[in-house]
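Chemist: need a structure here:
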Amino acid sequence: MANSANAKESKEEIFRKMEETAHRLMEEYEFVDATTPTIARGYTRAHGDYAFRVVPTGEPIPDATFVSAVYSTQPQGCDPAAGTAECILHSSAAKRELLAYPGYPTPLPHAPGGAGAAQACPPYRIVNIPHKGLGMVAARDLAFGEVITNERPLLVAPQYILLDFIRWLRAPSGWENQQVALFETQRFYRMAYERMRGEDKVAYLQLYNAHAHDGSGPLLGVQRTNSFLMFELQGVPYCGVFKDASRMNHSCSPNTIRRIDRTSLSMQMFAARSIKAGEEITSSYCDPLLPSAARQAKLAPYGVRCTCSGCLKPVESDKNRHRINSTKDAVPAIIQWAGSPGLPEGLLLGPSVEVLRLIEAEEQEANEVHERVLYHLALIHDALELMGAPRPEGAGYRGKWMQLTALDRARSFGALAKYKEDREKVRAAVLSRRRA
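Modeler: Predicted coordinates for the structure are as follows:
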């Protein structure tokens, strides 16, 4: 998500060429367009005749069977200094679900000195990184679990926008079909872009666009290049584009953990492990536990060639990552072991510690498997303590698992409740083991 170092055309020039190409295709294939482009607020509605129009906010929706897009600035009336997001929502029901989320809206969490307050010593800087363009580096040493970014998106939109209102009187080729579809999707984004504050418009178009020459247009191209998956509304996945967080470059061994906070419509990035001052802060654009060749194939459209330790030693790393990825929920096995007097006390501890060491060696602390293995180790140690076995010094698995869980306040309470329930099952199993 770095800036393009070789951009030869201005954003407006790309806009102009995109408009010219799209209008030519629309004329060639007799595309029916009933847009009212001067209205930038409210609902964009699509009828069965494939024409679409805009219904201003406040007017009744004429037909519930229409396909719609709702434009909304969120959150409203809460923490204005922290900024707002322009939202393209696929229906009025999606907007109602967004607004009805428990606790919404609230100020940004974890902000020192109050919501939107600037930190005395910011944890990161945006700098030029050789061969990558702009990226994010640590401005100081960062500890595991420390907040790095705490940010509302510039734009929130569905991962895919349905274009049911498009028709051609003559069937186009696949490429021409794609070009017109990309152009019409770009129009959705332009309506949202025009609603942004001036500084947000500048920040959005300064983000790298890996799709500048495939017909996406500058706004859609930026979204396709820089968006993070956030949440679902009415079963539809939504993504966000961020001013700073979208600057993070890729690594198959990322050093950040991403958490979405629905109540504040924001995303937090936490340090997945200790990060030294000057070290690059990274995220992962694909599943880092895939084989190296599969990861490189997924990164190729972004022009990314990862050189993390795992990609430089793919044979050894792929074997380790396959072992990590094979780790499944072991809670039933732990409970069974805890209640079986014929099984040795150290049966599960060694293999679990081995997987944890592989996770650390492959720098996969940001992966959900890390939290799962720590949870298993916490329960195993609970069982060993109840059995009277000596506790290894410096383990701290339970505490680290709780730290990880606390990073996601939406699910931390439920996770702790589940831990208490599973711990009680382990305790009951150990008591039965003693009686056997």
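
Chemist: Would you confirm that residue 230 belongs to a strand?
Modeler: Yes. Counting by DSSP: H, G, I helix; E, B strand; the rest coil, residue 230 falls inside a strand.

Chemist: residues contacting it?
Modeler: For residue 230, the contact set (C-beta atoms under 8 Å, 6 or more residues apart in numbering) comprises 153, 156, 238, 239, 240, 260, 267. From N, CA and C alone the C-beta is placed, and that goes for glycine too.

Chemist: By neighbours, which of these wins?
Modeler: For these, the largest neighbour count, defined by other C-beta atoms under 10 Å, is 28 neighbours, found at residue 153.

Chemist: hmm, back to that, which single one of the contacts of residue 230 is nearest to residue 382?
Modeler: Lowest distance from residue 382 to the contacts of residue 230 (C-beta to C-beta) belongs to residue 260, with 30.3 Å.

Chemist: Show the pLDDT at that closest one.
Modeler: According to the prediction, residue 260 has pLDDT 94.

Chemist: Which of the three states applies to it?
Modeler: From three-state DSSP, the assignment for residue 260 is strand.

Chemist: That one bridge partners, please.
Modeler: residue 267 (DSSP bridges).

Chemist: if I pick it, what's in contact with it?
Modeler: Applying C-beta under 8 Å, 6+ apart, we find residue 260 in contact with 230, 231, 266, 267, 410.

Chemist: Save those as a markdown table, and put in pLDDT and distance to residue 298 too.
Modeler: Below are those laid out as a markdown table (pLDDT from 0 to 100; distance: C-beta to C-beta, whole Å):
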| residue | pLDDT | distance to residue 298 |
| --- | --- | --- |
| 230 | 96 | 20 |
| 231 | 95 | 23 |
| 266 | 95 | 27 |
| 267 | 95 | 22 |
| 410 | 81 | 28 |
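
Chemist: CSV please, covering the residues you listed and showing distance to residue 127.
Modeler: Converted to CSV, the contacts of residue 260 look like this (distance: C-beta to C-beta, whole Å):
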residue, distance to residue 127
230, 26
231, 31
266, 24
267, 21
410, 32
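
Chemist: ok so, going back, can you tell me which of the contacts of residue 230 lies nearest to residue 340?
Modeler: Closest to residue 340, out of all of these and judged by C-beta to C-beta, is residue 260, at 40.4 Å.

Chemist: now what about stretch 320-330, what contacts it?
Modeler: Stretch 320-330 has contacts (C-beta under 8 Å, 6+ apart) with 288-291, 310, 348, 352, 355, 358-359, 361-362, 364, 367, 369, 372-373, 376.

Chemist: quick revisit: the contacts of residue 230 into TSV, with extra columns for secondary structure and distance to residue 254?
Modeler: Output for the contacts of residue 230, formatted as TSV (DSSP: H, G, I helix; E, B strand; the rest coil; distance: C-beta to C-beta, whole Å):
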residue	secondary structure	distance to residue 254
153	coil	19
156	strand	23
238	strand	22
239	strand	18
240	strand	18
260	strand	16
267	strand	14
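
Chemist: Same list, those residues, but as a markdown table with distance to residue 105 please.
Modeler: A markdown table is the format used below for the contacts of residue 230 (distance: C-beta to C-beta, whole Å):
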| residue | distance to residue 105 |
| --- | --- |
| 153 | 14 |
| 156 | 13 |
| 238 | 16 |
| 239 | 19 |
| 240 | 15 |
| 260 | 14 |
| 267 | 15 |
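
Chemist: I'd say residue 383 and residue 429 touch.
Modeler: Yes. If you go by C-beta atoms under 8 Å, residue 383 and residue 429 touch, sitting 7.4 Å apart.
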